[in-house]
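Engineer: Next come a sequence and a model predicted from it.
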Amino acid sequence: MRISTEKVNIEAAGDLTLQAGATLDAKLGTAGFFPPQIATASLPAAAGVEGMVVYDTTDNKLKLSNGTSWETITSS
């Protein structure tokens, strides 16, 4: 399946105005973002595309591709 559009607005109900500067604007109230889930051993070796986000099911952590390696997203 391929969906091609410039901007996407996902909203449970209410105002469908897209946040300025956003390509994807999801306002779902009580729902969260569910990123693709993948085990460490299955992560693309080349780290995929810079900016790609996945949930590593081996480490139980969010990972972000910098274009050459996977970095764990942490809080300070």
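Structural biologist: That came in fine, so what should we check first?
Engineer: ok, and what's touching stretch 28-35?
Structural biologist: Contacting residues not belonging to stretch 28-35 are listed as Ile10, Glu11, Ala12, Ala26, Val53, Val54, Tyr55, Leu62 [CB atoms under 8 Å, 6 or more residues apart in numbering]. C-beta here means a position set from N, CA and C on the backbone, and glycine is covered the same way.
Engineer: no wait, stretch 44-53
Structural biologist: With contacts defined as CB under 8 Å, 6+ apart, stretch 44-53 is touched by Pro35, Leu62, Lys63, Leu64, Ser65, Asn66, Gly67, Thr68, Ser69, Trp70, Ile73.
Engineer: what about 6 Å?
Structural biologist: Pro35, Leu64, Ser65, Gly67, Thr68, Ser69, Trp70 (CB atoms under 6 Å, 6 or more residues apart in numbering).
Engineer: now do the same end-to-end measure for that stretch.
Structural biologist: 12 Å (CA to CA, to the nearest Å).
Engineer: ok, now stretch 37-53?
Structural biologist: End-to-end distance for stretch 37-53: 10 Å, by CA to CA.
Engineer: before we move on, what about stretch 28-41?
Structural biologist: Chord length of stretch 28-41, first to last residue, is 32 Å (CA to CA).
Engineer: The contacts of stretch 44-53, buried ones only, as a PyMOL selection?
Structural biologist: In PyMOL syntax, the buried subset of these is picked out as below (16 or more other CB atoms under 10 Å):
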select buried, resi 65+70
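Engineer: domain parsing for this protein?
Structural biologist: Listed domain ranges for the chain are 1-32, 34-76 (source: automatic domain parsing).
Engineer: hang on, Gly29 is in a strand, isn't it?
Structural biologist: No - assigned with DSSP: H, G, I helix; E, B strand; the rest coil, Gly29 falls outside any strand and is coil.
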